[in-house]
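> quick one, structure for this:
(2 chains)
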Amino acid sequence: MSWAGPDEILLSTSLAGFLDKKLIVLLRDGRKLLGTLCSFDQFANVVLQGACERVIVGEQYCDVPLGLYVIRGENVVLIGELDREKDELPAHMTCVSEADIRKAEKAEKEARDLKGTMRKRMEFLDFD
Amino acid sequence: MVILLLFVDRFSISLAGASLCCCYYCGAVVYQRFCFRVQLFFSYFKELVGKEVTVELKNDLAIRGTLHSVDQYLNIKLENTRVVDQDKYPHMLSVRNCFIRGSVVRYVLLPQDGVDIDILHDATRREARGG
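Residues are numbered from 1 along each chain as shown, chains lettered A, B, ... in the order given. A predicted model of the protein is given here:
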(Lines give C-alpha, C1' and ligand atoms only; values in the text may rest on other atoms or scores of the structure.)
Protein backbone atom coordinates (compact mmCIF):
# COMPACT_ATOMS: atom_id res chain seq x y z
CA MET A 1 0.00 0.00 0.00
CA SER A 2 1.41 3.38 -0.90
CA TRP A 3 0.89 6.13 1.61
CA ALA A 4 -0.65 9.34 0.30
CA GLY A 5 1.73 12.31 0.37
CA PRO A 6 0.69 15.64 1.89
CA ASP A 7 -0.31 17.08 -1.52
CA GLU A 8 -2.53 14.12 -2.33
CA ILE A 9 -4.21 14.33 1.06
CA LEU A 10 -5.16 17.96 0.44
CA LEU A 11 -6.86 17.10 -2.84
CA SER A 12 -8.50 13.79 -1.92
CA THR A 13 -11.77 12.87 -0.30
CA SER A 14 -10.10 10.79 2.39
CA LEU A 15 -10.49 11.58 6.04
CA ALA A 16 -6.72 11.87 6.46
CA GLY A 17 -7.04 15.63 6.45
CA PHE A 18 -9.25 15.38 9.54
CA LEU A 19 -6.84 13.31 11.66
CA ASP A 20 -6.28 14.69 15.17
CA LYS A 21 -8.85 17.40 14.56
CA LYS A 22 -11.92 18.01 16.68
CA LEU A 23 -14.90 16.85 14.69
CA ILE A 24 -18.65 16.57 14.89
CA VAL A 25 -20.03 13.32 13.52
CA LEU A 26 -23.72 13.17 12.65
CA LEU A 27 -25.22 9.72 12.83
CA ARG A 28 -28.20 8.24 11.02
CA ASP A 29 -30.25 8.08 14.23
CA GLY A 30 -29.83 11.85 14.69
CA ARG A 31 -27.13 11.72 17.35
CA LYS A 32 -24.29 14.23 17.28
CA LEU A 33 -20.96 12.99 18.53
CA LEU A 34 -17.96 15.23 19.05
CA GLY A 35 -14.42 13.99 19.36
CA THR A 36 -10.91 13.86 17.96
CA LEU A 37 -10.37 11.63 14.96
CA CYS A 38 -7.91 8.86 15.71
CA SER A 39 -8.48 6.51 12.84
CA PHE A 40 -10.66 5.77 9.83
CA ASP A 41 -10.96 3.37 6.91
CA GLN A 42 -12.49 3.11 3.45
CA PHE A 43 -15.97 2.43 4.86
CA ALA A 44 -15.85 5.64 6.91
CA ASN A 45 -15.61 3.60 10.12
CA VAL A 46 -14.06 6.07 12.57
CA VAL A 47 -12.41 6.01 15.93
CA LEU A 48 -13.08 9.06 18.08
CA GLN A 49 -11.07 9.90 21.14
CA GLY A 50 -12.58 11.93 23.96
CA ALA A 51 -15.99 11.49 22.39
CA CYS A 52 -19.06 13.15 23.83
CA GLU A 53 -22.63 13.26 22.67
CA ARG A 54 -24.10 16.73 22.31
CA VAL A 55 -27.77 16.45 23.12
CA ILE A 56 -29.79 19.48 22.02
CA VAL A 57 -33.40 20.01 23.05
CA GLY A 58 -34.83 23.39 22.10
CA GLU A 59 -32.60 26.04 23.63
CA GLN A 60 -30.89 23.62 26.03
CA TYR A 61 -27.90 21.40 25.39
CA CYS A 62 -25.62 19.03 27.26
CA ASP A 63 -22.35 17.27 26.41
CA VAL A 64 -22.42 13.71 27.70
CA PRO A 65 -18.89 12.26 27.90
CA LEU A 66 -18.43 8.86 26.27
CA GLY A 67 -14.67 8.21 26.04
CA LEU A 68 -13.15 6.21 23.18
CA TYR A 69 -15.68 5.38 20.48
CA VAL A 70 -15.57 3.21 17.36
CA ILE A 71 -18.32 4.13 14.92
CA ARG A 72 -19.39 1.79 12.14
CA GLY A 73 -19.27 3.66 8.84
CA GLU A 74 -22.78 2.76 7.67
CA ASN A 75 -24.21 4.91 10.49
CA VAL A 76 -22.19 7.99 9.58
CA VAL A 77 -24.06 10.79 7.84
CA LEU A 78 -21.60 13.64 7.98
CA ILE A 79 -18.22 14.43 9.49
CA GLY A 80 -17.64 18.12 10.04
CA GLU A 81 -14.55 19.94 11.18
CA LEU A 82 -15.32 22.28 14.06
CA ASP A 83 -13.70 25.67 13.62
CA ARG A 84 -11.92 26.46 16.88
CA GLU A 85 -12.24 30.20 16.38
CA LYS A 86 -16.00 30.20 16.00
CA ASP A 87 -18.68 29.49 18.58
CA GLU A 88 -19.88 25.94 18.32
CA LEU A 89 -23.38 26.84 19.35
CA PRO A 90 -25.51 30.01 19.25
CA ALA A 91 -25.02 32.20 22.32
CA HIS A 92 -28.65 32.00 23.45
CA MET A 93 -28.38 28.28 24.20
CA THR A 94 -27.98 27.18 27.81
CA CYS A 95 -25.92 24.29 29.08
CA VAL A 96 -27.78 22.00 31.48
CA SER A 97 -26.99 18.82 33.37
CA GLU A 98 -27.41 15.37 31.86
CA ALA A 99 -30.41 14.57 34.05
CA ASP A 100 -32.20 17.73 32.92
CA ILE A 101 -31.50 17.19 29.24
CA ARG A 102 -32.70 13.58 29.41
CA LYS A 103 -35.93 14.78 31.02
CA ALA A 104 -36.36 17.42 28.32
CA GLU A 105 -35.61 14.83 25.63
CA LYS A 106 -38.24 12.48 27.03
CA ALA A 107 -40.81 15.30 27.20
CA GLU A 108 -40.12 16.26 23.60
CA LYS A 109 -40.47 12.66 22.44
CA GLU A 110 -43.79 12.29 24.26
CA ALA A 111 -45.08 15.54 22.73
CA ARG A 112 -44.04 14.31 19.29
CA ASP A 113 -45.73 10.92 19.79
CA LEU A 114 -48.89 12.61 21.05
CA LYS A 115 -48.96 14.85 17.99
CA GLY A 116 -48.50 11.75 15.84
CA THR A 117 -51.42 9.87 17.35
CA MET A 118 -53.73 12.88 17.24
CA ARG A 119 -52.98 13.35 13.57
CA LYS A 120 -53.73 9.67 12.94
CA ARG A 121 -57.07 10.07 14.69
CA MET A 122 -57.92 13.14 12.58
CA GLU A 123 -56.93 11.34 9.38
CA PHE A 124 -59.16 8.47 10.35
CA LEU A 125 -62.06 10.90 10.63
CA ASP A 126 -61.21 12.29 7.18
CA PHE A 127 -61.03 15.92 8.28
CA ASP A 128 -59.28 18.25 5.85
CA MET B 1 -16.49 -14.17 -8.28
CA VAL B 2 -18.81 -11.61 -6.90
CA ILE B 3 -21.66 -9.73 -8.46
CA LEU B 4 -22.06 -6.38 -6.75
CA LEU B 5 -25.19 -4.32 -7.01
CA LEU B 6 -24.98 -0.91 -5.39
CA PHE B 7 -27.96 1.40 -5.19
CA VAL B 8 -27.13 4.92 -4.23
CA ASP B 9 -30.53 6.57 -4.06
CA ARG B 10 -30.86 8.16 -7.49
CA PHE B 11 -28.02 6.26 -9.22
CA SER B 12 -27.88 2.61 -9.94
CA ILE B 13 -24.39 1.31 -10.40
CA SER B 14 -23.48 -2.24 -11.32
CA LEU B 15 -20.21 -4.08 -11.46
CA ALA B 16 -20.27 -7.53 -12.95
CA GLY B 17 -17.24 -9.74 -13.09
CA ALA B 18 -16.14 -13.10 -14.41
CA SER B 19 -17.96 -16.39 -14.83
CA LEU B 20 -21.57 -16.49 -15.77
CA CYS B 21 -23.51 -13.61 -14.41
CA CYS B 22 -26.41 -11.42 -15.28
CA CYS B 23 -25.71 -7.76 -15.73
CA TYR B 24 -28.53 -6.09 -13.80
CA TYR B 25 -28.18 -2.87 -15.75
CA CYS B 26 -28.50 -4.13 -19.31
CA GLY B 27 -30.22 -7.42 -18.50
CA ALA B 28 -27.78 -9.36 -20.67
CA VAL B 29 -26.19 -12.62 -19.60
CA VAL B 30 -22.52 -11.87 -19.55
CA TYR B 31 -19.83 -14.50 -19.69
CA GLN B 32 -16.39 -13.57 -18.51
CA ARG B 33 -16.90 -9.93 -19.21
CA PHE B 34 -16.56 -6.85 -17.12
CA CYS B 35 -18.87 -3.89 -17.55
CA PHE B 36 -18.12 -0.76 -15.61
CA ARG B 37 -20.74 1.97 -15.41
CA VAL B 38 -19.62 3.33 -12.07
CA GLN B 39 -17.30 5.95 -13.55
CA LEU B 40 -19.86 8.17 -15.30
CA PHE B 41 -21.09 10.20 -12.34
CA PHE B 42 -17.73 10.05 -10.62
CA SER B 43 -16.12 11.66 -13.69
CA TYR B 44 -18.97 14.15 -13.90
CA PHE B 45 -18.53 15.25 -10.29
CA LYS B 46 -14.78 15.51 -10.78
CA GLU B 47 -15.50 18.12 -13.45
CA LEU B 48 -17.62 20.05 -10.94
CA VAL B 49 -14.85 20.39 -8.35
CA GLY B 50 -14.55 24.04 -7.35
CA LYS B 51 -18.19 24.83 -8.09
CA GLU B 52 -20.75 25.90 -5.51
CA VAL B 53 -23.27 23.13 -4.87
CA THR B 54 -25.98 22.34 -2.36
CA VAL B 55 -26.08 18.80 -1.05
CA GLU B 56 -29.42 17.64 0.36
CA LEU B 57 -29.14 14.63 2.62
CA LYS B 58 -31.66 11.91 3.32
CA ASN B 59 -32.17 13.34 6.82
CA ASP B 60 -33.37 16.59 5.14
CA LEU B 61 -30.24 18.54 6.09
CA ALA B 62 -29.17 20.77 3.18
CA ILE B 63 -25.62 22.08 3.03
CA ARG B 64 -24.29 24.64 0.60
CA GLY B 65 -20.58 24.70 -0.13
CA THR B 66 -17.77 24.49 -2.64
CA LEU B 67 -17.16 21.00 -3.96
CA HIS B 68 -13.65 20.10 -2.84
CA SER B 69 -13.45 16.49 -3.90
CA VAL B 70 -15.41 13.36 -4.70
CA ASP B 71 -14.46 9.69 -4.73
CA GLN B 72 -15.59 6.41 -6.28
CA TYR B 73 -18.33 5.96 -3.64
CA LEU B 74 -19.53 9.49 -4.44
CA ASN B 75 -18.51 10.59 -0.93
CA ILE B 76 -18.35 14.37 -1.06
CA LYS B 77 -16.06 16.83 0.65
CA LEU B 78 -17.35 20.37 0.86
CA GLU B 79 -15.51 23.53 1.85
CA ASN B 80 -16.80 26.87 3.05
CA THR B 81 -20.02 25.25 4.10
CA ARG B 82 -23.18 26.92 5.27
CA VAL B 83 -26.28 25.05 6.34
CA VAL B 84 -29.39 26.17 4.47
CA ASP B 85 -31.71 26.33 7.50
CA GLN B 86 -29.14 27.31 10.13
CA ASP B 87 -31.60 27.88 12.99
CA LYS B 88 -32.85 24.32 12.81
CA TYR B 89 -29.31 22.90 13.08
CA PRO B 90 -27.47 24.89 15.79
CA HIS B 91 -24.78 22.22 16.15
CA MET B 92 -23.58 22.95 12.61
CA LEU B 93 -22.84 26.60 13.34
CA SER B 94 -19.04 26.40 13.36
CA VAL B 95 -18.64 23.68 10.72
CA ARG B 96 -16.90 25.05 7.63
CA ASN B 97 -15.48 21.87 6.04
CA CYS B 98 -17.24 18.56 5.99
CA PHE B 99 -17.10 15.06 4.62
CA ILE B 100 -20.42 13.62 3.50
CA ARG B 101 -20.81 9.87 3.07
CA GLY B 102 -22.12 9.08 -0.41
CA SER B 103 -24.80 6.72 0.87
CA VAL B 104 -26.68 9.50 2.67
CA VAL B 105 -26.96 11.94 -0.23
CA ARG B 106 -30.44 12.47 -1.62
CA TYR B 107 -29.73 15.33 -4.07
CA VAL B 108 -26.79 17.34 -5.29
CA LEU B 109 -28.20 20.68 -6.44
CA LEU B 110 -26.06 22.25 -9.13
CA PRO B 111 -25.76 25.79 -10.46
CA GLN B 112 -27.78 26.34 -13.60
CA ASP B 113 -24.71 27.20 -15.64
CA GLY B 114 -22.65 24.41 -14.12
CA VAL B 115 -24.25 21.76 -16.27
CA ASP B 116 -23.44 21.19 -19.92
CA ILE B 117 -26.45 19.02 -20.75
CA ASP B 118 -25.21 18.02 -24.21
CA ILE B 119 -21.90 16.67 -22.97
CA LEU B 120 -23.71 14.72 -20.26
CA HIS B 121 -26.17 13.28 -22.81
CA ASP B 122 -23.33 12.25 -25.12
CA ALA B 123 -21.41 10.59 -22.30
CA THR B 124 -24.53 8.70 -21.20
CA ARG B 125 -25.25 7.51 -24.74
CA ARG B 126 -21.65 6.40 -25.13
CA GLU B 127 -21.82 4.44 -21.86
CA ALA B 128 -25.10 2.81 -22.88
CA ARG B 129 -23.72 1.83 -26.29
CA GLY B 130 -20.35 0.71 -24.93
CA GLY B 131 -21.98 -1.67 -22.41
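> C-alpha only now, for contacts and for neighbours.
Fine.
> now A:R84: which helix or strand?
Mapping A:R84 onto the secondary structure by DSSP states H and E places it in no helix or strand at all.
> try A:C52
With DSSP H and E as the test, A:C52 turns up in strand A:46-57.
> the residue nearest the centre of chain A: what's it in contact with?
Computing the C-alpha centroid of chain A and ranking residues by C-alpha atoms, centre = their mean puts A:K32 first, at 1.4 Å. Residues touching A:K32, when contacts are defined by C-alpha atoms under 8 Å, 6 or more residues apart in numbering or on different chains, comprise A:24-26, A:53-55.
> low-confidence regions, chain A specifically.
By pLDDT under 70, the low-scoring segments of chain A are A:1-2, A:9-11, A:127-128.
> give me every residue in it lying close to chain B.
For chain A, the contact set with chain B under C-alpha under 8 Å from any C-alpha of the partner chain comprises A:11-13, A:15, A:28, A:44, A:76-84, A:86-90.
> among these, which are in strands?
In strands, defined here by DSSP state E, the members of the residues of chain A next to chain B are A:76-82.
> for those residues, which one is nearest B:G65?
For B:G65, the nearest member of those is A:G80. The distance, counting by C-alpha to C-alpha, is 12.5 Å.
> count the residues that sit near that closest one.
Look at A:G80: counted by other C-alpha atoms under 10 Å in any protein chain shown, it has 25 neighbours.
> and for it, nearest residue in space, chain neighbours not counted?
Taking C-alpha to C-alpha, 6 or more residues apart in numbering or on different chains, and ignoring the residues beside it in sequence, A:G80 has B:C98 as its nearest neighbour in space, at 4.1 Å.
> also A:D29?
Taking C-alpha to C-alpha, 6+ apart as the measure, A:D29 lies nearest to A:N75, with 7.8 Å between them; neighbours along the chain are not counted.
> B:L109 too?
Distances taken as C-alpha to C-alpha, 6+ apart place B:T54 nearest to B:L109, at 4.9 Å, with adjacent residues excluded.
> list the helices and strands the helix or strand encompassing that neighbour packs on?
Assignment of secondary structure by DSSP H and E places B:T54 within strand B:52-57. With contacts taken as 3 or more C-alpha pairs under 8 Å, 6 or more residues apart in numbering or on different chains; DSSP states H and E, strand B:52-57 sits against strand B:62-70, strand B:105-109.
> same thing but at 10 Å, please
Counting contacts by 3 or more C-alpha pairs under 10 Å, 6 or more residues apart in numbering or on different chains; DSSP states H and E, strand B:52-57 is packed against strand B:62-70, strand B:76-83, strand B:105-109.
> next one: phi and psi at B:G102?
Dihedral angles phi and psi of B:G102 (degrees, to the nearest 10) take the values phi -60, psi -30.
> thought it was touching B:S69?
No - contact between B:G102 and B:S69 fails when scored by C-alpha atoms under 10 Å: they sit 11.9 Å apart.
> which one's more surrounded, the two?
Neighbour comparison, B:G102 and B:S69: the larger count goes to B:S69, with 23 against 20 (by other C-alpha under 10 Å).
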